[in-house]
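> build me a model:
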Amino acid sequence: LTILSIFQPYLVRKFKITDTCGVNNLHGMPAIFGGLLSVLMAAIATKDQYDQYNIDGDDPAKSSLQEIFPQSKRDWGEDGWSPGKQAGAQMAAMVVTLVIAVVGGLLTGLAT
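Numbers count the residues shown, from 1 in each chain. Model prediction:
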């Protein structure tokens, strides 16, 4: 809550942006926070953490990591998909989403 109370006056002061309906506080900031947490969780994922309750833990095709982060038959490990690569992919998706949102918002603002 304190970050939101600091961020809103900053937007008004620096960019002359007024969020009269609280859309940024309701949707924007929680989305960024959730996106960053998803990047963090993907980065620290290990096979042992996700497969600790998997009955077929030795079968890579039935791995919980393959179910949660499917990467077209690539295995997790040194030569395959890694937690760092997954975190990078999620961060890239978050950046693309933010760019689309900012461009859409600017176009909407210019149109009115």
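
> shaky segments in this structure?
For the chain, the stretches flagged by pLDDT under 70 are 1-2, 47, 50-58, 60-66, 68-80.

> so what's the residue most central in space within it up against?
The chain has residue 35 as the residue nearest its centroid, 2.6 Å off, counting by CA atoms, centre = their mean. When contacts are counted by CB atoms under 8 Å, 6 or more residues apart in numbering, residue 35 touches 90, 94, 97. C-beta coordinates here come from the backbone N, C-alpha and C atoms, glycine included.

> my guess is the second one meets residue 39, correct?
Spelled out, that is residue 94. Yes - under the criterion of CB atoms under 8 Å, residue 94 makes contact with residue 39 at 7.0 Å.

> okay, and the residue nearest to the centre of the chain sits in which element?
Here residue 35 sits within helix 29-43, counting by DSSP states H and E.

> CA atoms of that helix as CSV?
Output of helix 29-43 as CSV, limited to C-alpha atoms (Å, rounded to 0.1, in the frame of the first residue of the first chain):
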residue,chain,number,x,y,z
MET,A,29,0.9,-2.8,-10.1
PRO,A,30,-0.5,-6.2,-9.0
ALA,A,31,0.2,-7.6,-12.5
ILE,A,32,3.8,-6.4,-12.5
PHE,A,33,4.3,-7.8,-8.9
GLY,A,34,2.7,-11.1,-10.0
GLY,A,35,4.8,-11.2,-13.1
LEU,A,36,8.0,-10.6,-11.2
LEU,A,37,7.1,-13.3,-8.7
SER,A,38,6.4,-15.8,-11.5
VAL,A,39,9.9,-15.0,-13.0
LEU,A,40,11.4,-15.6,-9.5
MET,A,41,9.5,-18.9,-9.0
ALA,A,42,10.4,-20.2,-12.4
ALA,A,43,14.1,-19.3,-11.8
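
> quick one: residue 27 and residue 67, what's the gap?
29 Å (CB to CB, to the nearest Å).

> typo on my end, residue 102
In terms of CB to CB, residue 102 sits 33 Å off from residue 67.

> quick check, residue 20 in a helix?
No - the assignment for residue 20, made by DSSP: H, G, I helix; E, B strand; the rest coil, is coil rather than a helix.
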